[in-house]
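> Predicted coordinates and the sequence they were generated for:
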Amino acid sequence: MPHVQLDSNFNKPMSRQNKSYSADKNDEAPEFVEKVVHINRCAKVVKGGRRFSFSALVVSGDQKGRVGVGYGKAKEVPEAIRKGTEQSQKHLVEIKLRGDTIPHQVVGEADGGKVLLRPASDGTGVIAGGGVRAVLESVGIKNVLSKSLGSNNHLAMVNATMDALRQLRSNQEIKQLRFGSQPKETVAENA
């Protein structure tokens, strides 16, 4: 009788699509989620014809509040994506979140791009398009409203979104900026 690999959860033969999964492997998701926002082809005209090069705009994040942007350039697409991914993972930024949305409304600007982000209630989803959506999903934001107010260039919009996310502050940080660090009085001292 041939050996049949059983799924550990249901004790039945595993499907063909699920064969790569085994109970021995860790049940962890990959550490980073990488999203290719845009691939640009650039042509250089030379004596024999055209030479092509590619650039890839990549966003990666851990969906727990860290995100980075990378821009890789190479003669071939996979190499450009690899370079962009490496660069994005090197330049990760910690973002302040409130649950699965952002703490307050914010406008980010970079180059010609201008992006407005607003917190949203549960069940709203990510109302954003293109590069803005890729950045917000990579951070781990599940409910947010956005509007692009400037250029629709992919790189400008991604950088404007990153600028907006860097401006976010938690309630404690805002209180500390407004009121400073005051010593807390106890009830025993007042009595």
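Everything's here; your move. Residues are numbered from 1 along each chain as shown.

> which regions of this structure sit below the pLDDT cut-off?
Low-confidence segments of the chain (pLDDT under 70): 1-30, 182-191.

> How about the spatially most central residue of it: what's its closest non-neighbour residue?
With distances taken as CA atoms, centre = their mean, the residue of the chain nearest its centroid is residue 138 (2.5 Å). Leaving aside its sequence neighbours, residue 138 sits nearest to residue 61 (CB to CB, 6 or more residues apart in numbering; 3.0 Å). All C-beta atoms are positioned from the backbone trio N, CA, C, and that covers glycine.

> What are the phi and psi values at that neighbour?
Backbone geometry at residue 61, expressed as degrees, to the nearest 10, gives phi -160, psi 170.

> For this protein, which segments are assigned as helices?
77-90, 130-139, 154-166, 171-179, 187-190 (DSSP state H).

> could you dump these to TSV with distance to residue 53?
TSV is the format used below for the helices of the chain (distance: least, CB to CB, whole Å):
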stretch	distance to residue 53
helix 77-90	8
helix 130-139	21
helix 154-166	16
helix 171-179	43
helix 187-190	69
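
> right, and the residue nearest to residue 138 touches residue 68 too?
Yes - Residue 61 is within contact range of residue 68, at 7.0 Å (criterion: CB atoms under 8 Å).

> Spit out the contact partners of the residue nearest to residue 160 when sequence neighbours are not counted.
Using CB to CB, 6+ apart and skipping the chain neighbours, the partner closest in space to residue 160 is residue 113 (3.6 Å). Neighbouring residues of residue 113 by CB atoms under 8 Å, 6 or more residues apart in numbering: 148, 150-151, 153, 155-160.
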